[in-house]
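[1] The amino acid sequence is not available; the structure is as follows:
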């Protein structure tokens, strides 16, 4: 289950649109308690929905409206980018993954739900990466 201490990565959020019922249900359950997303997650999800899923703008906006209603949104600030660079250097993550981690840390989240292969890793002794599909 989720709460305001849970951050959701783009790859998890997009399973809300999956044809795999169990994944879709798992995400719905996790996000039913709210959580945190970043402007980066909104942008990345819009990109995937437009380019890969071929959805029209109105459908993307409707999906984002649901996310905005359910979750708290954190902006990616210049300081967040600097923090992400530190995370990337320390943990070897890509800059995009590091931005997700840095934003989650800055939001005070304790859990990052991601399909990332780093399941179980704890960042800065504060944020656990959890693959919700394992």
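    Cool, got the structure. A quick note: this is a predicted structure, and the numbers were derived from the prediction, not measured.

[2] in the helix or strand hosting residue 99, what counts as buried?
    Element membership for residue 99 (DSSP states H and E) is helix 95-106. For helix 95-106, a neighbour-count test (16 or more other Cβ atoms under 10 Å) marks 97-106 as buried. All C-beta atoms are positioned from the backbone trio N, CA, C, and that covers glycine.

[3] Now that helix: average pLDDT?
    Computed over helix 95-106, the mean pLDDT rounds to 97.

[4] Not counting that helix itself, show me its contacts.
    7, 9-10, 36, 38, 40-41, 44, 74, 76, 80-81, 83-88, 91, 93, 112, 114, 116, 123-124, 126-127 (Cβ atoms under 8 Å, 6 or more residues apart in numbering).

[5] after it comes which helix or strand?
    strand 111-113.

[6] Can you list the neighbours in contact with the helix or strand following that next one?
    For strand 111-113, the succeeding helix or strand toward the C-terminus, using DSSP H and E, is strand 122-123. By Cβ under 8 Å, 6+ apart, the residues outside strand 122-123 that reach it are 87, 91, 101, 105, 112, 128-129.
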